[in-house]
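> Sequence and predicted structure, then a few things I'm wondering about:
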Amino acid sequence: MAKKKNWYDYLWIVSTLYIILGFFNILFAWLGLLCFLIPLVMSLTGGKKGYCNRYCGRGQLLTLLGKKFSKNLPIPKWISSKWFRYGFLAFFLTMFFNMTFSTYLVFAGTNSLKEVVTLLWSFSLPWHFASSSAPVAHWVKQFAFGFYSLMLTSTLLGLVTMVLFRPRTWCVYCPMGTMTQLVCKAKYKE
């Protein structure tokens with residue numbers, strides 16, 4: 001007998017739509033902040049790692065795609081090691097703060113809007129076709145371009161490690177998962 005599906009079993013659709021909509025209007029990138037805030041709020045308010053285990057649309061998407069495309073090989077020990085997970089979290093946070101600082105410079109008028117998505121923190125892809133004509137400040141757009149860059153890059157990393165190893169390999173070193181784990185260790189002494 002098939003397991004009854006819950007509403008949250010379809011959150012992979014939200015993750016897919018997020019990536020697609022960013023191709024057409026960069027302002028949709030702001031919705032990705034929910035993927036940052038909800039896990040942290042849940043872990044701080046007693047939900048522990050419930051977001052990762054049940055509500056993460058990216059994890060669901062990787063599981064779904066992994067059924068067809070994953071080699072299903074064991075995850076290398078170095079990926080699940082503390083030094084790699086915390087190192088990747090530190091690197092990711094550095095890139096996030098760099099993106100936030102770039103947004104501030106546009107806000108302050110020091111820099112101009114760069115309609116670019118940076119893939120893998122190295123490759124700048126012109127993304128002006130997705131720029132919104134909405135009457136919003138340039139710093140709002142700048143944040144969207146930077147945040148979409150982070151989300152697209154992390155999705156690509158998740159897809160690559162899904163193919164090479166197990167479907168949810170990304171979840172082992174996901175910065176949000178690492179942060180919620182740190183919250184849980186501190187708050188619940190786990």
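Now that the structure is in, tell me what you want to look at.
> count of neighbours near Pro175?
20 (other Cβ atoms under 10 Å). Placement of C-beta: from N, CA and C, glycine included.
> same question, the one 4 residues further on
For Met179, the count of nearby residues is 17 (other Cβ under 10 Å).
> just checking, what packs against the helix or strand containing it?
Counting by DSSP states H and E, the element that carries Met179 is helix 175-188. Applying 3 or more Cβ pairs under 8 Å, 6 or more residues apart in numbering; DSSP states H and E, one finds that helix 175-188 contacts helix 34-44, helix 82-108.
> Now for the residue nearest to the spatial centre of the chain: which residues touch it?
Closest to where the C-alpha atoms of the chain average out (Cα atoms, centre = their mean) is Met151, at 4.3 Å. Counting by Cβ atoms under 8 Å, 6 or more residues apart in numbering, Met151 makes contact with Tyr18, Ile19, Gly22, Ala29, Gly32, Cys35.
> do the same with Arg85
Per Cβ under 8 Å, 6+ apart, neighbours of Arg85: Val172, Tyr173, Thr178.
> tell me the pLDDT at it?
Arg85 is assigned 97 on the pLDDT scale.
> how much space is there between it and Ile79?
8 Å (Cβ to Cβ, to the nearest Å).
> do the same with Asn53
Asn53 is 19 Å from Ile79, where distance means Cβ to Cβ.
> These two: who's more crowded?
Legend: neighbour count by other Cβ under 10 Å for Asn53 and Ile79, higher for Ile79 (15 against 12).
> same for the helix or strand hosting that one, what does it pack against?
Element membership of Ile79, judged by DSSP H and E, is helix 77-80. Other helices and strands packing on helix 77-80, by 3+ Cβ pairs under 8 Å, 6+ apart, are helix 169-173.
> Now the helix holding Ile79 - C-alpha only, PDB.
The C-alpha coordinates for helix 77-80 follow below in PDB (Å, rounded to 0.1, in the frame of the first residue of the first chain):
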ATOM      1  CA  LYS A  77      34.100  10.500   4.500                       C
ATOM      2  CA  TRP A  78      35.800  13.900   3.800                       C
ATOM      3  CA  ILE A  79      32.400  15.300   2.700                       C
ATOM      4  CA  SER A  80      30.800  14.500   6.000                       C
END
